[in-house]
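Participant: Coordinates only, no sequence provided:
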């Protein structure tokens with residue numbers, strides 16, 4: 001089972017690194033064998049990056065805004081980022097409008113209760 005887990009781990013690392021324009025990535029075989037023994041269904045990004053020995057270079061390439069959306073999945077990642085920002089903007093707009101309407105409704109309720117109080121006295 002160890003070799004099957006190692007193959008799966010290697011595929012996960014290749015999929016992660018393949019999304020970014022990283023030319024060379026060095027891996028720590030001992031750390032990979034430790035993770036392969038755990039046999040997770042899906043490894044986290046932190047687990048996968050813990051196998052990389054030249055982590056500074058890889059993280060620099062992954063976090064660089066110029067390079068972030070290059071590569072085979074670049075347009076998809078860019079689309080997801082744009083959609084996330086747009087949906088956040090629309091949700092925030094709707095929430096602020098709802099908040100404004102709640103303040104107005106509270107004001108109307110307060111005025112009506114004051115009117116009822118004056119009318120009853």
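Facilitator: Received it, and whenever you're ready, just let me know what you need. Remember, it's a predicted structure, so these values are computed and weren't measured experimentally.

Participant: neighbours of residue 70, just the number please.
Facilitator: Residues lying near residue 70 (other C-beta atoms under 10 Å) number 16. Any C-beta I mention is one placed from the backbone N, CA and C, and that applies to glycine too.

Participant: What are the phi and psi values at it?
Facilitator: In terms of degrees, to the nearest 10, the main-chain angles of residue 70 are phi -100, psi 160.

Participant: Touching, it and residue 21? I think so.
Facilitator: Yes - counting by C-beta atoms under 8 Å, a contact exists between residue 70 and residue 21, whose distance comes to 5.0 Å.

Participant: separation between the closest residue to residue 19 other than its chain neighbours and residue 79?
Facilitator: Nearest residue to residue 19, sequence neighbours excluded (C-beta to C-beta, 6 or more residues apart in numbering): residue 73, at 4.8 Å. Using C-beta to C-beta, to the nearest Å, residue 73 is found at 10 Å from residue 79.

Participant: cool, residue 13 as well?
Facilitator: With the distance defined as C-beta to C-beta, residue 13 ends up 24 Å from residue 79.

Participant: Repeat that for residue 45.
Facilitator: As defined by C-beta to C-beta, residue 45 lies at a distance of 20 Å from residue 79.

Participant: Tell me how many other residues crowd residue 48.
Facilitator: Close neighbours of residue 48, defined as other C-beta under 10 Å, add up to 19.

Participant: In terms of helices and strands, where is it?
Facilitator: Following DSSP states H and E, the helix or strand that holds residue 48 is helix 45-49.

Participant: so how far is that helix off the chain centroid?
Facilitator: Mean-position distance between helix 45-49 and its chain equals 14 Å (C-alpha atoms, centre = their mean, to the nearest Å).

Participant: so what does that helix touch, helix or strand wise?
Facilitator: Secondary-structure packing of helix 45-49 (3 or more C-beta pairs under 8 Å, 6 or more residues apart in numbering; DSSP states H and E): helix 2-18, helix 55-63.

Participant: comparing those, which gets the lowest mean pLDDT score?
Facilitator: Here these differ in mean pLDDT, and the lowest is helix 2-18 at a mean of 82.
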